[in-house]
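# Below are the sequence and a predicted model for it; my questions follow.
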Amino acid sequence: MNRFAGTLYQLAPVWGQNLLLTGFGMALERERYGGRFREYRDMLSRTEWYSRADLQAYQDERLRDVVRHAYDTVPYYRRRFDVQKVRPGDVRGRADLPKLPVLTRDDIRRHFDELRSTAVPARAMRKGHTSGTTGTPLTVGYDRETVWMTYAVFDRHYRWADCRFGRNGSRVAVARGNVIVPLRQKKPPFWRRNRSQNQLLLSAFHLSKGNLPAYVEALTRFQPDVIDGYPSTLYVLARFLQTNGMTFPVKAAVTSSETLYDFQREVIEERFACRVFDYYALAERVLFSGECDRHQGHHLAMEYGVAETVDSSSLPVPDGSVGRLVGTTLHNAAMPLIRYVTSDMSAIRPGVCPCGRGLEVMDDVTTKAEDLLTLKDGRLISPSVLTHPFKPLDCIEGSQIVQTEPDRMIVRLVPGTGYTDTLGQHLVKELKGRLGEDMQIDLELVQELEQTSRGKFKWVTSRVPIGI
Ligand SMILES: [Zn+2]
């Protein structure tokens, strides 16, 4: 929505907002599901069954085109490749990617115009914005081919969850970061309807104990097939159901955009009586991965982009080892991002998934680089490890960890009934047991936890830079 439409939306009554959302949804539908969308969708339903070798051959072929196109029409790459003395012909496939320089967020910010292909007219370029978990928002450009391919890949993910996208598809309750309900609004409805995509959009900014019964009523009226949102938001809904001894069966829960912790998955699956199909996507549109019905890691959409996991020298780490995720587009001619360095850590697994799809499998991205705690002795601590001391503490409504220095962190707690200082001290002791006695842990009791401006929740934040 542009700024004018945004203002109009904020001022409109609820019925007007529903109409605007539906109209906006129709425009989006034309943009996303027009053109070659169907062609890509059909292609993806075939290629997922290709062998690993065939998929890699497909990637090699596309990659040669992308690199050639980048060198011929994108001034930034021409300059960088020349400096490194690499020719497009030197890149015959994915194995040759380490010959090329990596591309960082900073590079894109500084060289946005130089990164645009001269072969693609400006009017054909769309712009996407990332929410900037690092506090530095980023704009990237992409073309319509990339839009269609992206939505074809999303469509496949929904299909893996046995659901369908779109007007005649599954009924989807969406709980994401869109500010669809003005923050000043204090009474229900905290949701809006997008009829063109069969969605009920739930505000992620009004979830409070007092408002939750109204959310459940709205869900009951809407009867969704799918509940789709941030893990933290679905977890809040699931916890509410749990506290009240309720279940709300749906066909599938789809999560993304945040780390999905095991404790969240368990409660969501139990209370919505379904499996969680998590996916990983980047606004930069270079990588996509999602869980199939075997739930043994995330399948990389190898037709969409090439994933690498690298060390601090941008060299590949072996399969099975954790490295920083680096992605290369196989479609975006308008602004081809080659070896784009993400802020996420993962491992690409050896072997194939028991489902039989040839698509590579990577570990869940449980570790955003900035979520890892870096200790004084250099140990990198994954947030998942820290969930355990919190598990037995039912008297805590919520928690958040901020590491401020190598040997200092703040633990914010929203205390619930039954919370005592002794329990708090016990938690500190348990955490020290994992992090070391020299870690200074300051407990802060708060009423609410901090969200990012997009309504995302980060459980662990570290302000200590990591070495890799
Ligand atoms: Zn699979």
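Thanks, I have the structure now.
# show me the contacts for the residue in the stretch 51-200 of the chain positioned nearest to the ion.
Relative to the ion, the nearest point of the stretch 51-200 of the chain is Trp160 (8.2 Å; C-beta to the ion). Where you see a C-beta, it was placed from the backbone N, CA and C, and this is true even at glycine. Applying C-beta atoms under 8 Å, 6 or more residues apart in numbering to Trp160 gives the contacts Phe277, Gly290, Glu291, Cys292, Asp293.
# what pLDDT does the last one get?
I take that to be Asp293. Asp293 is assigned 96 on the pLDDT scale.
# still on that earlier bit, mind putting the contacts of Trp160 in a markdown table, neighbour count included?
Listed next are the contacts of Trp160 as a markdown table, based on neighbours: other C-beta atoms under 10 Å:
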| residue | neighbour count |
| --- | --- |
| Phe277 | 24 |
| Gly290 | 23 |
| Glu291 | 25 |
| Cys292 | 22 |
| Asp293 | 12 |
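# could you dump those to TSV with secondary structure and distance to the ion?
TSV is the format used below for the contacts of Trp160 (DSSP: H, G, I helix; E, B strand; the rest coil; distance: C-beta to the ion, whole Å):
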residue	secondary structure	distance to the ion
Phe277	strand	11
Gly290	strand	10
Glu291	coil	8
Cys292	coil	3
Asp293	coil	7
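# Need the max-distance pair from the residues you listed.
Gly290 and Asp293 (10.9 Å; C-beta to C-beta).
# in terms of contact, does Asp225 touch Asp162 like I think?
No. Asp225 lies out of contact with Asp162 (C-beta atoms under 8 Å); the separation is 9.2 Å.
# out of the two, which sits in the more crowded spot?
Neighbour count, other C-beta atoms under 10 Å: between Asp225 and Asp162, Asp225 has more, with 18 against 15.
# Ramachandran angles for the more buried one?
Main-chain dihedrals, Asp225, degrees, to the nearest 10: phi -90, psi -30.
# would you list every one of the strands in the stretch 251-400 of the chain?
252-255, 275-281, 288-290, 298-300, 305-310, 323-329, 340-346, 361-362, 367-368, 373-374, 380-381, 396-405 (DSSP state E, counting those that start in this stretch).
# Would you mind giving the ones you listed as CSV with mean pLDDT added?
Below are the strands of the stretch 251-400 of the chain laid out as CSV (pLDDT from 0 to 100):
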stretch, mean pLDDT
strand 252-255, 97
strand 275-281, 96
strand 288-290, 97
strand 298-300, 98
strand 305-310, 97
strand 323-329, 95
strand 340-346, 90
strand 361-362, 96
strand 367-368, 59
strand 373-374, 78
strand 380-381, 71
strand 396-405, 88
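# now Leu21, nearest residue through space, not along the chain?
Leaving aside its chain neighbours, Leu21 sits nearest to Asn194 (4.5 Å; criterion: C-beta to C-beta, 6 or more residues apart in numbering).
# typed the wrong thing, it's Ser399
In space, and not counting its chain neighbours, Ser399 is closest to Leu413: 5.3 Å by C-beta to C-beta, 6+ apart.
# Now do the SS call for the one you found.
Leu413 falls in the strand class when you classify it by DSSP: H, G, I helix; E, B strand; the rest coil.
# Stretch 204-216: end-to-end distance?
14 Å (C-alpha to C-alpha, to the nearest Å).
# what distance separates it from the centre of its chain?
23 Å (C-alpha atoms, centre = their mean, to the nearest Å).
# buried stuff in it?
Ala204, Phe205, His206, Leu207, Leu212, Tyr215 (16 or more other C-beta atoms under 10 Å).
# mind checking which helix or strand Asn178 is in?
Using DSSP states H and E, Asn178 sits in no helix or strand.
# correct me, but it touches Leu201?
Yes. Counting by C-beta under 8 Å, Leu201 is a contact partner of Asn178 at 6.5 Å.
# Looking at those two now, which is surrounded by more residues?
Between Asn178 and Leu201, Leu201 has the larger neighbour count (other C-beta under 10 Å), namely 23 against 17.
# Which residues are in contact with the more buried one?
Residues near Leu201 by C-beta under 8 Å, 6+ apart: Leu21, Val174, Arg176, Asn178, Ile180, Trp191, Arg192, Arg193, Asn194.
# Check Val365 too.
Thr259, Tyr280, His298, Leu325, Asp344, Met345, Ser346.
# Ser232 too?
By C-beta under 8 Å, 6+ apart, the contact set of Ser232 is Glu258, Gln264, Lys456, Phe457, Trp459.
# Among those, list the two that are farthest apart in space.
Gln264 and Lys456 (13.6 Å).
# neighbour-wise, which of these two wins?
Set Gln264 next to Lys456 and count neighbours by other C-beta under 10 Å: Gln264 wins out with 25 against 18.
# Who are the contact partners of the nearest residue to that one once chain neighbours are set aside?
Using C-beta to C-beta, 6+ apart and skipping residues adjacent in sequence, the residue nearest Gln264 is Tyr235, 4.2 Å away. By C-beta under 8 Å, 6+ apart, the contact list for Tyr235 reads Gln264, Val267, Ile268.
# closest to the ion among those residues?
Out of those, the member with the shortest distance to the ion (by C-beta to the ion) is Ile268, at 20.3 Å.
# Can you report phi and psi for the residue nearest to Gln264?
Here Tyr235 shows phi and psi, under degrees, to the nearest 10, equal to phi -70, psi -40.
# Please parse this structure into its domains.
Domain assignment of the chain by automatic domain parsing yields the ranges 37-149+282-362, 372-462.
# So which of those domains is the most surrounded?
Counting by mean count of other C-beta atoms under 10 Å, domain 37-149+282-362 has the highest mean neighbour count of these, with a mean of 18.
# Out of the buried residues of stretch 204-216, list just those in helices.
Leu212, Tyr215 (DSSP state H).
# Tell me how many other residues surround the closest residue to Pro249 other than its chain neighbours.
Excluding the flanking residues, the one nearest Pro249 by C-beta to C-beta, 6+ apart is Ala273, at 3.9 Å. If you count neighbours by other C-beta under 10 Å, Ala273 ends up with 12.
# dump the residue contacts of Ala273.
Counting by C-beta under 8 Å, 6+ apart, Ala273 has contacts Thr247, Phe248, Pro249, Val250.
# Show the buried residues in these.
Phe248, Val250.
# Looking at the contacts of Ala273, spot the one nearest the ion.
Val250 (21.6 Å).
# from the middle of its chain, how far away would stretch 409-429 be?
In terms of C-alpha atoms, centre = their mean, the centre of stretch 409-429 is set 30 Å apart from its chain centre.
# From the rest of the structure, what touches that stretch?
373, 389-390, 393-404, 431, 435, 439-450.
# And stretch 216-229, by the same measure?
Outside stretch 216-229, the residues touching it (C-beta under 8 Å, 6+ apart) are 158, 161, 163, 170-176, 188-191, 200, 202, 204, 234, 237, 240-241, 246, 248, 250-255, 272.
# 6 Å instead?
With contact meaning C-beta atoms under 6 Å, 6 or more residues apart in numbering, stretch 216-229 is reached by 163, 170-176, 191, 200, 250-254.
# Thanks again, I'm all set now.
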